[in-house]
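[1] the sequence and its predicted three-dimensional model are supplied below.
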Amino acid sequence: MKSAIAIAAHPDDIELMMAGTLLLLKKAGYEIHYMNLSGGDCGSTEHDAADIKEIRLAEAKNAAQILGAHFHLPFCNDVQILYDVKTLRRVASVIREVKPTIVLTHSPEDYMEDHINTCRLAVTASFARGMRNFESDPLRTVDNYDCTIYHALPHTLRDNFRRRIIPGAFVNTSSIQETKLEALKAHRSQQNWLDISQKMNSYLQAMEDISLQVGEMSKVFKYAEGWRRHLHVGFCDADDDPLKDLDNDYLINEAYEQGLDKI
Ligand SMILES: [Zn+2]
């Protein structure tokens, strides 16, 4: 069975930008996996780090269950997701265990360093999947297989210089928007925190708004998620694009493709 993994920084990041695609991949026959690198220890104004981590672990496990995804434990703390060898070995171990055909992760440009570093870790861990002299922690069998990486849009749909990020492809999430919302609702502890820290009136509304905006960008779908496919070198064949398994729910953005120099 083919598998797909979403690797994000914090509990609720997958639900905000990636969960629709993950759900559709499950419907298309993929085994799906869910991993946040951080336990979310800073996401509270009322609980101490140990308490909020416990609360958020339960919430994230619940969200993964709603999505029907295999859950992988977090092992970092907020604003401490660093691109270092210790973390890389941990991420590589999960990649080697899951052997994903598809890796969904953050945009290389995003509003928060945790997201950027998670993206870099996911990319390098995937790149090193077949390198026998790179040790994962814990150790796993090394294997070379084709693996395609897709980057989600940044949360603001912009880079840190305020420029719009244009997706290379869209996934129609209209049919599973309800389930995506249910999974996001599992992160109940985040309502107050996001109100205060990021002036998000409602994180549920924020997800709805982003999905509608990306849908509008697609000019076809009501709700959508946007993706940019990573350069194939070191991962797969040049034309590999396994999100095509989503058939009519996958739409390549021709304007983006035409803007690329021929490889
Ligand atoms: Zn995040």
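    Ah, there it is.

[2] nearest residue to the one residue in the stretch 151-263 of the chain that gets nearest to the ion in space, please, no chain neighbours.
    Across the stretch 151-263 of the chain, no residue is closer to the ion than His155, which sits at 7.2 Å (C-beta to the ion). The C-beta positions use only the backbone N, C-alpha and C, and glycine is treated the same way. Of all residues beyond its chain neighbours, the one nearest His155 is Tyr111 (6.0 Å), with distances taken as C-beta to C-beta, 6 or more residues apart in numbering.

[3] can you count the residues close to the one you found?
    By the other C-beta atoms under 10 Å criterion, the neighbourhood of Tyr111 contains 15 residues.

[4] the residue of the stretch 151-263 of the chain closest to the ion and Asp114 touch, don't they?
    No - the criterion here is C-beta atoms under 8 Å, and His155 misses it with Asp114 at 11.5 Å.

[5] which of the two has more neighbours?
    Comparing His155 with Asp114 by neighbour count (other C-beta under 10 Å), the higher total belongs to Asp114, at 24 against 20.

[6] and the more buried one, what does it touch?
    Asp114 is in contact with Ala9, His10, Leu37, Ser38, Asp78, Val79, Ile81, counting by C-beta atoms under 8 Å, 6 or more residues apart in numbering.

[7] let's see it at 6 Å
    Asp114 makes contact with Ala9, Ile81, according to C-beta atoms under 6 Å, 6 or more residues apart in numbering.

[8] can I assume it sits in a helix?
    Yes - applying DSSP: H, G, I helix; E, B strand; the rest coil, one finds Asp114 inside a helix.

[9] residues near the closest residue to Ala28 other than its chain neighbours, how many?
    By the measure of C-beta to C-beta, 6+ apart, the closest residue to Ala28 outside its immediate chain neighbours is Asp245, 4.8 Å from it. Using other C-beta under 10 Å, Asp245 is surrounded by 17 other residues.

[10] that concludes my questions; thank you for your assistance.
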